[in-house]
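Colleague: got a sequence here, can you build the structure:
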Amino acid sequence: MAETPTPQPGIGTTIAAAFRRNRVPCLLLNLLALILVVSYYQVPALKETWQAVGEFKTRWSFVFSCVSTMFAAAVFPFFIQQAMGTLAQEGKWRHLALSMLFWGYRGMEIDLFYHLQNHLFGDQQDAATLVKKVLVDQFLASPLWFVPTYVVALRWIEMGGSWTRTKASLNREFWTRTCPTVLITNWLVWIPALAFVYSLPAPLQFPLFTIVMCFFILVATMMTKGKPGKDLSDPTDQTDSAPEAHSR
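Modeller: Reported below is the predicted structural model:
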């Protein structure tokens, strides 16, 4: 007798599971962001350090955003997983190279988007400006561009850089389950975090984004259950403790 295929869980169940996997990293990420923002505005000694970081970011501009994001989202998790013994060994260097290529580009793209936001709405830190930036970021840019391109790029990386194989895998389930799951989890994690990011002056927004993303990946990595081959940046992998939501 043929086995009855196991029914797929509903999208609501999938999103709830994704949130449960990410709730601790999410809470810790936003706590860190709050502490860093408070340190800028309330601790004079640290404010000088922040200003030096802002000057460094301004000097190196998109080189900074490319290299820092490449490290935080590709190089850092690669070596953490390697140290933990959870990294798939087959094709690991190709996987790293493709991840660095994507995240270096994505870092510059996000940096450019922050510049556009400041051009459109100004560099003020008042509540009205923060709300406009977060709304445009999360409810316009993310669903239309950031999240879809993120999940497609990660699928491309997992397919070894083959666009033919990637295109063939972008089936109905990918668009109706994977993308909505990543988008909603992205909202749960990044809406509060981006409020903190946009509350800083323009030169410090991208450095704070990079720090909190790196911290999020670190926490999510330490929460994994040691399954070899688990890609900690892949939202399409539904095994335990996957950080589905650092597309931003």
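Colleague: now do the lengthiest helix in the chain, average pLDDT.
Modeller: When the chain is parsed with DSSP state H, its longest helix is helix 11-42. For helix 11-42, the mean per-residue pLDDT is 84.
Colleague: also stretch 52-71?
Modeller: 97.
Colleague: what's the distance between that stretch and the middle of its chain?
Modeller: Taking C-alpha atoms, centre = their mean, to the nearest Å, one finds the center of stretch 52-71 at 17 Å from the center of the full chain.
Colleague: and the helices in the protein, which stretches?
Modeller: In the chain, helices defined by DSSP H lie at 11-42, 44-70, 76-84, 92-121, 127-136, 147-158, 163-169, 172-173, 179-197, 202-222, listed in chain order.
Colleague: check which helices and strands the first one sits against.
Modeller: What that stands for is helix 11-42. Packing partners of helix 11-42 (3 or more C-beta pairs under 8 Å, 6 or more residues apart in numbering; DSSP states H and E): helix 44-70, helix 179-197, helix 202-222. For the C-beta atoms, the positions are set from N, CA and C on the backbone; glycine is no exception.
Colleague: compute the inter-axis angle for that helix and helix 44-70.
Modeller: Here helix 11-42 runs at an angle of 140 degrees relative to helix 44-70 (axes from the mean of the first three to the mean of the last three C-alpha atoms, to 10 degrees).
Colleague: please apply the same query to the fifth one.
Modeller: Between the axes of helix 127-136 and helix 44-70, defined by the same axes, to 10 degrees, the angle is 10 degrees.
Colleague: and helix 127-136, how far out from the chain middle?
Modeller: Averaging C-alpha positions (C-alpha atoms, centre = their mean) puts helix 127-136 20 Å from its chain's average.
Colleague: average model confidence for it?
Modeller: 97.
Colleague: show me what counts as buried in that helix.
Modeller: For helix 127-136, a neighbour-count test (16 or more other C-beta atoms under 10 Å) marks 129-130, 133-134, 136 as buried.
Colleague: could you dump the residues you listed to a markdown table with distance to Cys214?
Modeller: Shown next, in a markdown table, are these (distance: C-beta to C-beta, whole Å):
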| residue | distance to Cys214 |
| --- | --- |
| Thr129 | 26 |
| Leu130 | 23 |
| Lys133 | 22 |
| Val134 | 21 |
| Val136 | 25 |
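Colleague: for the lowest-mean-pLDDT helix or strand in the chain, list every residue counted as buried.
Modeller: In the chain, the helix or strand scored least confidently by mean pLDDT, DSSP states H and E is helix 11-42, which has a mean of 84. By neighbour count with 16+ other C-beta under 10 Å, helix 11-42 contains the buried residues 14-15, 17-19, 21-22, 25-26, 28-30, 32-33, 36-37, 40.
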